[in-house]
Structures are given as structure tokens and as C-alpha cells.
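> Model the following, please.
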Amino acid sequence: MHLRITLVTASALALLASSALTGTGRAAPARHPHGTGLDSPRAKEVAMELVASAENSTLDWRSQYGYLQDIGDGQGYTGGIIGFCSGTGDMLDVVLRYTRRRPHNPLAPYLPALRRVNGTASHAGLDAPFEQAWRTAARDRAFQAAQEEERDRVYFGPAVRRAKADGLRALGQFVYFDAIVMHGNGHDKDSFGAIRANAMKKARLPARGGDERAYLNAFLDARKVAIKDETVHGNTTRVDTEQRVFLDEGNFALRPPLRWRTYGDAYEIARWPRPARGA
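This is a model prediction of the structure:
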């Protein structure tokens, strides 16, 4: 609590100093205190429940360590808490991380096959035996930790850092996180980088003096175009009846109660969830 007060005070002093130094009498764009943003334990739990509602039709994201399925998107297997894919390299990275921690694990024998299918939709050398090994490994806390760490390294951490630098509060940080989960953190025409670039053509970033609501609306508009470009992900409800709902409510802190729908299913987070021990 003291830290948050200190940050707000420091921000206010910096604002006054900027105005005084320029002599313009015009305050510089305010910067939001982000110490209690999406990376606070309670808000991160909310973020994971929101993602799980869209990715796995549940709020219980920890029940998804053992999830594994080919959803027909051309990226091979999709599995785990964030949808790691055998065709995009992040599933291989998860198994490598797990194997460094526990060398003799059920998935280690499939590392050569995972390397071979990387970049393709192939199941060669995987299929039913690999599926069973994945479900067995999902009961191992070391494998669960590997999934969480890779989620943070590839998806959550980059999204939150970029959003904070762009001047976005918790809602905007989640909007970025969900986009990177679905589209990847690249620069092809439907990736997060392209979505952000297209949004910036329509609205100024809050960090550069723009209106936060206007920028997020522009980002969500650009994201809908990207979703529709992907044949598997043509449904835009995770934007229309989830993220846009929170934005229209002005809930930039992403504070419960939260009520939304994804893919036709209704969900609610009535209060701040309790983070897992050690989170």
C-alpha cells in the first residue's frame, strides 16, 4: 500500500516538474502507476481465467495442463494452459524446459519428433503415445512450472511490458496479452505487431498523449480484422462480448465483478480470485 502511494506521488511530482521546466503551463500526458497492473498476483489470476474462458471454455485454467488437441489450424498439436503448439516451437520449448529440470520425464523421448515437426502441422512420431505422455506429465509439478514459466517468457511478460510502455492500464495489458496468445508476438499481417501498428494509424498511444479508450477501441477494431483473416478463429466474441464490454464500462483496472460471454458461453468473476500459494 505504501509503495502504491509513493508511486502516485512520484508521478504527480514528475508531472509538475515537467510543466515547470517547459514553461508552457501545459501538463505533460499523465502516466498511470502500473505497480498494481496485470502482473500483480490477483490481476494475473483474473487474466488467466479470462484467457481460459476463450481458449478452453472454463475459468479453471489450472485444469488445462493436460489439454492436448489438434484443432485444425495448421499448427499441429495445441496443448497446455496457453495453447502451446507443436508447429510453432513453443511446445518444443516447454518440453525442453521440463527436461532440463527433470531429464527422465515421459515427454523427453519425443524431443526428436518435436524438433522434426516444428514449423509444420505434422504429427509424425507423436500421435497417441505422445498424447498419453503429455497427460501423464501434466500431473508433475515440474511440467506445470515449465508451462507457467514459458507462458510468462513468451506471452505474459512481453505483453505487460509493451502495454505499460504504451501507457495502458490493466485492461489494456490484458488486451495485449490475449492478442499475443492468439496471434503470436511477430510482425506478419495478422500478428500482434501488425495489429498494434494498425491501431496506431487510427489513434495515438496514451504514452504519447492519446486517449486510452480511443486507442484500445482502435486496437480491438484492428484485432477483429486479424481474427477474421484466420479461418479457425473467425469468431470475434472474445473482443465483442468480452474485452469491448469491459472497455465500454470504463473498467480500465479490470476490477471484478466481471461479466462476459465468449463463444456464446456466459462467465462471471464476482470478486478478486485468491492467487495460488507461491504465485
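
> on contacts alone, who are the packing partners of the host helix or strand of Glu45?
Taking DSSP states H and E as the criterion, Glu45 maps to helix 41-55. The helices and strands touching helix 41-55, judged by 3 or more Cβ pairs under 8 Å, 6 or more residues apart in numbering; DSSP states H and E, are helix 170-183, strand 258-262, strand 265-269. C-betas here are computed from N, CA, C, even on glycine.

> Give me whichever of those is most buried.
helix 170-183 (a mean of 25; mean count of other Cβ atoms under 10 Å).

> Would you indicate which residues of the helix or strand following it are buried?
Following helix 170-183 in sequence order, the next helix or strand is helix 192-202 (DSSP H and E). Using 16 or more other Cβ atoms under 10 Å as the test for burial, helix 192-202 gives Phe192, Gly193, Ala194, Ile195, Arg196, Asn198, Ala199, Met200.

> got those as TSV, with pLDDT columns?
Listed next are these as TSV, based on pLDDT from 0 to 100:
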residue	pLDDT
Phe192	97
Gly193	97
Ala194	96
Ile195	97
Arg196	98
Asn198	97
Ala199	98
Met200	98
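
> From those, pick the one nearest Val160.
Phe192 (12.9 Å; Cβ to Cβ).

> give the contact list for that closest one.
For Phe192, the contact set (Cβ atoms under 8 Å, 6 or more residues apart in numbering) comprises Ala159, Tyr176, Ala179, Ile180, His183, Gly184, Asn185, Gly186.

> Glu131 versus that one, what's the distance?
Between Phe192 and Glu131 the distance is 29 Å, computed by Cβ to Cβ, to the nearest Å.

> can you map out the strands along this structure?
Listed in chain order, the strands of the chain (DSSP state E) span 68-69, 78-79, 84-85, 258-262, 265-269.

> If we ignore the residues flanking it in sequence, what's nearest Arg163?
In this structure residue 163 is Ala, not Arg. Leaving out its chain neighbours, the residue that sits closest to Ala163 by Cβ to Cβ, 6 or more residues apart in numbering is Gln173, at 4.0 Å.
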